[in-house]
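In: let me see the structure of the following:
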Amino acid sequence: VVHDRYKSLLIVSKKYKDLEVTIADKNYVCSKFVDNYYLIQKHEYNYFIFSEIIKNYNFDFQINFHQSDNLVKYLNSFLLPKLSKKIKQKINYIYLLKKFIKIPFTVINFIKLKYAKSHNNFININMPVGLDKKLYRKLNQVFYQEYRSIIIPNLYVKIDTKIRAEKIVSYKLDQPFYELINNLLLNNIPIEYLENYKINSECIKHFIHKKIPRLIGVRSPCEFHSVLRFLTSEYSRLGAKILSCQEGGGQGARIINLMDEKIFSRFADLYITWGWKSKEKNTIPFYFTKLFWLKKYKYNVNGSIIILGASCRNYFYSFNLGQLPIYNSTLIKMNVGLIKSVNKAVYKDLIYRFHWQFGYNELEYIKKEFSNLKISTREKESHFYELFFKSKLIVITTDFTTIKQAFVCNHPTILLWDKNYFTVRDSAKKYYDELNKAGILFYNYTDCANKINQISNDPMKWWQTKEVQDAKNKYAEYFCKLSKDISTDLAQVIKKNFLI
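Out: Modelled structure (predicted):
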């Protein structure tokens, strides 16, 4: 993130000489690690990031300072949880009843937890598979639930400006950007890891098992949740190994994600993929693990046709979360061209499904172009799964997890994106070429629209043809291999690699 903003400022400084800028007079420090994710698309938060870089780098700018107390208050208020009337009503009338019903189960779970703390060699903190009793039975472990009830206080404290002003490295570094990072690093560590680190660490120690397990399972090497981060860190410090798995669908194929995969593998003792092979020594191919949504459903030949949009962001955050901001305009241009190119019957069946709105205003643009187009948003319906199960065809416009989800369901799917942006590595190229040859993947909206017009009356008939199924199956076998019994398969991996 800092490098992206730094490079932007370098370009501006070279283009505009003696530029006058107004920056924040103070820094903004996140309370928790996850706050950065929630705030990164806010203009106000990026204003603080740009301001810090300008303060700590010798740009040829004329600098003015802006009193920024109100901006700090605004960002803090943005992070506060907001309860709707509906949620409040549920708390008032249903919450207590549910708690009362759960009392016997809570007592049983407490007894299991006491036993597990002294006997278990494996703890599944939050892996998306194996949260059932079957995995624990296979490993001769006691199944219980604990971590949802743990709370880290992370109290409000005064910022320690003295510590945050220090540098990690005392001598001058030979590259300007490294020197910049050295100046900014301590000042941008979240409060939970600096001022509140001691109290948070002591708090989490109360929940550590008496018998330190050989292995802990975590959902992702880049977990956001504070409790899970502190638990993982403490168990690792005490000698437990970390098993983690692939979280996002962009890995294994795209060139741009190679660095992410390197980093993820270093954050775990064993990293399992959804089927693809990696050059990293501690990474092994496994099965598709993102299964919480999967269910049997009856295909609806009279259903809708979904165009699945993507997360258009104003600012770069990660190569692993959505496409880069530079692709936003291309994505919208291709999707608009596609919608304009389909016939009237197809248009009538279309539903444009938007990702979270991050301030780029793609929703308003599409509504302006197509006033009578049916739309669906994540703000109103967080997951698209019910919409997907009722559809007859899904058109996916970015190369991420939804492709894998559609393929494991064997659901009619069309793919559309710019080949020059979604570049794939040599090991993956043959799978994408097969999809393109079979008429599943398209690189221009005109050919894509022609295919949709051609198959729209009965997409499943086209989908079941040999060429299409062969291309889909080869892709799925490598990128989203489906297990017949994932708990048993995971237990075997654990026994083989960790001797549990």
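
In: distance of the most centrally placed residue in the chain from F177?
Out: Centroid-nearest residue in the chain, with CA atoms, centre = their mean: L321, separated by 5.3 Å. With distances taken as CB to CB, to the nearest Å, L321 is found 23 Å from F177. Where you see a C-beta, it was placed from the backbone N, CA and C, and this is true even at glycine.

In: if we can go back for a sec, wait, what's in contact with the residue nearest to the centre of the chain?
Out: Taking CB atoms under 8 Å, 6 or more residues apart in numbering, we find L321 in contact with G248, S311.

In: element containing it?
Out: Using DSSP states H and E, L321 is not contained in any helix or strand.

In: repeat for L10
Out: In this assignment (DSSP H and E), L10 forms part of helix 2-15.

In: likewise for K404?
Out: Per DSSP H and E: helix 401-408 holds K404.

In: can you list the buried residues in stretch 467-481?
Out: The neighbour-count check on stretch 467-481 (16 or more other CB atoms under 10 Å) flags V468, A471, K472, Y475, A476, Y478, F479, C480, K481 as buried.

In: run a quick neighbour tally on Q246.
Out: Q246 has 30 neighbours, counted by other CB atoms under 10 Å.

In: from K495, how far out is the closest residue to S318 other than its chain neighbours?
Out: Computed as CB to CB, 6 or more residues apart in numbering, the closest residue to S318 that is not its neighbour in sequence is D260, at 7.7 Å. Using CB to CB, one obtains 29 Å as the distance from D260 to K495.

In: okay, the two: which has more neighbours?
Out: Taking other CB under 10 Å, D260 and K495 do not tie; D260 has more neighbours (19 against 13).

In: looking at the more buried one now. What's its pLDDT?
Out: For D260, the pLDDT comes out at 86.

In: ok, it touching F319?
Out: Yes - D260 is in contact with F319 according to CB atoms under 8 Å; the separation is 5.7 Å.

In: now do the strands in the stretch 201-350 of the chain.
Out: Using DSSP state E, counting those that start in this stretch, the strands assigned to the stretch 201-350 of the chain run over residues 215-218, 241-245, 270-273, 283-285, 304-308, 350-353.

In: test my guess that N436 contacts C448.
Out: No - N436 is not in contact with C448 according to CB under 8 Å; the separation is 11.1 Å.

In: who has more neighbours, these two?
Out: A direct count of neighbours by other CB under 10 Å for N436 and C448 places C448 higher, at 24 against 15.

In: leaving out sequence neighbours, find the closest residue to that one.
Out: F442 (3.8 Å).

In: what helix or strand is I123 located in?
Out: Here I123 is assigned to strand 122-124, by DSSP H and E.

In: parallel or antiparallel, which strands does that strand pair with?
Out: strand 215-218 (parallel) (DSSP bridges).

In: what's next to the strand it pairs with, contact-wise?
Out: For strand 215-218, using CB under 8 Å, 6+ apart, the contacting residues are 121-127, 130, 228, 231-232, 235-236, 240-244, 268, 494, 498, 500.

In: in the stretch 1-150 of the chain, which segments are predicted with low confidence?
Out: Flagging of the stretch 1-150 of the chain using pLDDT under 70 yields the residue ranges 82-100, 102, 105, 129-131, 146-148.

In: and if we set it to 90?
Out: In the predicted model, the stretch 1-150 of the chain carries pLDDT under 90 at residues 17-18, 80-120, 122-137, 141-150.

In: next secondary structure after the helix or strand where E386 lies?
Out: E386 belongs to helix 385-389 when assigned by DSSP H and E. For helix 385-389, the following helix or strand on the C-terminal side (DSSP H and E) is strand 391-396.

In: which secondary structure elements does that following strand sit against?
Out: strand 304-308, helix 401-408, strand 413-416, helix 445-455, helix 459-463 (3 or more CB pairs under 8 Å, 6 or more residues apart in numbering; DSSP states H and E).

In: tell me the phi and psi of the nearest residue to I263 once chain neighbours are set aside?
Out: What sits nearest to I263 in space, not counting adjacent residues and going by CB to CB, 6+ apart, is P221, at 7.3 Å. Here is the backbone geometry of P221 (degrees, to the nearest 10): phi -60, psi -20.

In: against Q251, how distant is P221?
Out: Distance from P221 to Q251, by CB to CB: 11 Å.

In: give me the three-state assignment for A476.
Out: Under DSSP: H, G, I helix; E, B strand; the rest coil, A476 falls in the helix class.

In: residues touching the closest residue in space to it that isn't next to it in sequence, list them.
Out: Excluding the flanking residues, the one nearest A476 by CB to CB, 6+ apart is F407, at 4.5 Å. Going by CB under 8 Å, 6+ apart, F407 touches T413, K472, Y475, A476, C480.
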